[in-house]
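Asker: Sequence first, then the predicted structure:
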Number of protein chains: 2
Amino acid sequence: MCEANAYMMEGEKEILIMKSVDKVTIEDQGLLLVNIFGEQKLLKARIHSLALVDHKILLEPR
Amino acid sequence: MCEANAYMMEGEKEILIMKSVDKVTIEDQGLLLVNIFGEQKLLKARIHSLALVDHKILLEPR
């Protein structure tokens, strides 16, 4: 499986928001994360960068 | 390996832009894609959505 973990950047730190993220969509209200278990999180955030081989989605507050 | 393929949405179509994308970063000039071979593409685009289990990054023009 090729899901990734989503982290929120807070200064120097990266806070784990959700593991095993499959789908990410940009909604008007924010960023919708859905993991491989179907769990959802809607965040006031945007994508900062992806590093897929490292299974990493970096988010920043917006 | 958990890279994904990047597609640009053009109306109903999805045009393959780059295979085996590892890193995506949002730069001032656009979106920088880097694949697992180190090849780079800089696009005037933004991320529309991700579907990682399907190895898919959907982009839209900006």
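Answerer: It's in.
Asker: Now do the same contact list for residue A:33.
Answerer: A:6, A:17, A:18, A:21, A:23, A:24, A:40, A:41, A:42, A:43 (C-beta atoms under 8 Å, 6 or more residues apart in numbering or on different chains). For every residue, glycine as well, the C-beta is placed using N, CA and C.
Asker: and with 6 Å instead?
Answerer: Contact partners of residue A:33, counting by C-beta atoms under 6 Å, 6 or more residues apart in numbering or on different chains, are A:6, A:18, A:21, A:24, A:41.
Asker: quick one: strands adjacent to the helix or strand in which the second one is found?
Answerer: The one in question is residue A:18. In this structure, residue A:18 sits in strand A:13-27 according to DSSP states H and E. Looking at strand A:13-27 with DSSP bridges, its partner strands are strand A:4-10 (antiparallel), strand A:30-35 (antiparallel), strand B:45-51 (antiparallel).
Asker: Tabulate the ones you listed in CSV, adding columns for mean pLDDT and distance to residue A:59.
Answerer: Shown next, in CSV, are the strands paired with strand A:13-27 (pLDDT from 0 to 100; distance: least, C-beta to C-beta, whole Å):
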stretch, mean pLDDT, distance to residue A:59
strand A:4-10, 97, 5
strand A:30-35, 97, 7
strand B:45-51, 96, 12
